[in-house]
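Asker: Fold the following, please.
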Amino acid sequence: MSSTGLSGKSVIVTGGASGIGRAAAERFAAEGARVVVADLDADAAARVVGAIEDAGGTARAVIGDLSDQRVVDETVTTAVAAHGGVDVLVNNAGIMDRMSALGETDDTEWERVIRVNLTAPFLLTRAALPHLLERDGAAIVFTASEASLRGSAAGAAYTAAKHGIAGLTKSLAVTYRAQGLRTNAIAPGGTATGMRVNPSPEALGPRTLAPYISLAGKVSDPAEQAATIVFLASDAASNINGAILPVDNGWAAV
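Answerer: Below you'll find the predicted structure:
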């Protein structure tokens, strides 16, 4: 029996094919949870599912863009049909902006970053919510960011989206706590994932933000972020609700 209380639980992890998402999916499975890995990359998702199954765990993959309502619905339906419901939702998938200052952010960059990083988690949470509310000890964990806590860790679009994630986390925590649902978020600092930034070096955003980002310090391993996600979803965090927890080696304290 898992000491975390996660054994047998049904868990959805978005962005579960790489980086923090993969580390979280594999850690949940190691705790005995049954995992849905939702991701755009079919081959990478299949590798994660295969690794979990090879280790004796249970996992399914759902492939597609979670800003598409059809993919959102398929993700929730798969968890319910294959694993009997939804106990934990990990809204982890996201993309980076180009570190653009607001005046340099075009409509395409703004709309894509907001759609993937804020609207997609909203859509999936809304779809999963009725199932989460049916379970005892259900939990949602968002991957927020240092950019949820400050204005100097990313460009305008990413910062706005991640501040929005912090707001969603707190709103859900307050609104549904009487029904037993806990909602928290991690705020990673720099982490060794496949997320890439392609800024224009002469743009105002990168030139202005660089001195602040240099304060980040140690780059985290995805496993460190995943450990915190699993903790927040577990029985050990049963009285933690509405927290935005920095996992950043003290960057938020600088």
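
Asker: distance between the longest helix anywhere in the chain and the chain's centre?
Answerer: Taking DSSP state H as the criterion, the chain has its longest helix at helix 156-176. Its chain's C-alpha centre and that of helix 156-176 lie 12 Å apart, by Cα atoms, centre = their mean, to the nearest Å.

Asker: Please work out which residues outside that helix touch it.
Answerer: Here helix 156-176 makes contact (Cβ atoms under 8 Å, 6 or more residues apart in numbering) with 91, 94, 96-97, 100-102, 105, 109-110, 113-114, 117-118, 121-122, 125, 129, 133, 140, 142-145, 147-149, 151, 153-154, 181-185, 205, 241-242, 244. To be clear about C-beta, it is placed using only N, CA and C from the backbone, and glycine gets the same treatment.

Asker: Show me which of the residues you listed are buried.
Answerer: Applying 16 or more other Cβ atoms under 10 Å to these, the neighbour count classes 91, 94, 96-97, 100, 105, 109-110, 113-114, 117-118, 121, 125, 129, 140, 142-145, 147-149, 153-154, 181-185, 205, 241-242, 244 as buried.

Asker: buried stuff in the lowest-mean-pLDDT helix or strand in the chain?
Answerer: The helix or strand of the chain with the poorest confidence is helix 204-213; it has a mean of 82 (mean pLDDT, DSSP states H and E). Under the neighbour-count criterion of 16+ other Cβ under 10 Å, helix 204-213 has 205-206, 209, 213 buried.

Asker: that older thread, just the ones in helices from the buried ones among the contacts of helix 156-176, please.
Answerer: Reading helices off these with DSSP H, I get 109-110, 113-114, 121, 125, 129, 205.

Asker: okay, those in a markdown table with distance to Gly56 next?
Answerer: Below are those laid out as a markdown table (distance: Cβ to Cβ, whole Å):
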| residue | distance to Gly56 |
| --- | --- |
| Glu109 | 43 |
| Trp110 | 44 |
| Val113 | 38 |
| Ile114 | 40 |
| Pro121 | 30 |
| Thr125 | 30 |
| Leu129 | 31 |
| Gly205 | 46 |
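
Asker: Which one of the residues you listed is nearest to Gln225?
Answerer: The closest of these to Gln225 turns out to be Pro121 (Cβ to Cβ; 16.4 Å).

Asker: quick one: contacts for the closest one?
Answerer: Each residue near Pro121 by Cβ under 8 Å, 6+ apart is listed here: 14, 66, 91, 93, 142, 165, 168.

Asker: Check the gap between the closest residue to Ala154 other than its chain neighbours and Val113 for me.
Answerer: Leaving aside its sequence neighbours, Ala154 sits nearest to Ala147 (Cβ to Cβ, 6 or more residues apart in numbering; 4.1 Å). According to Cβ to Cβ, to the nearest Å, Ala147 stands 11 Å off from Val113.

Asker: Stretch 225-234: how far from the chain's middle?
Answerer: For stretch 225-234, the distance from its own C-alpha centre to the chain's C-alpha centre is 11 Å (Cα atoms, centre = their mean).

Asker: Right, I'll call it a day here.
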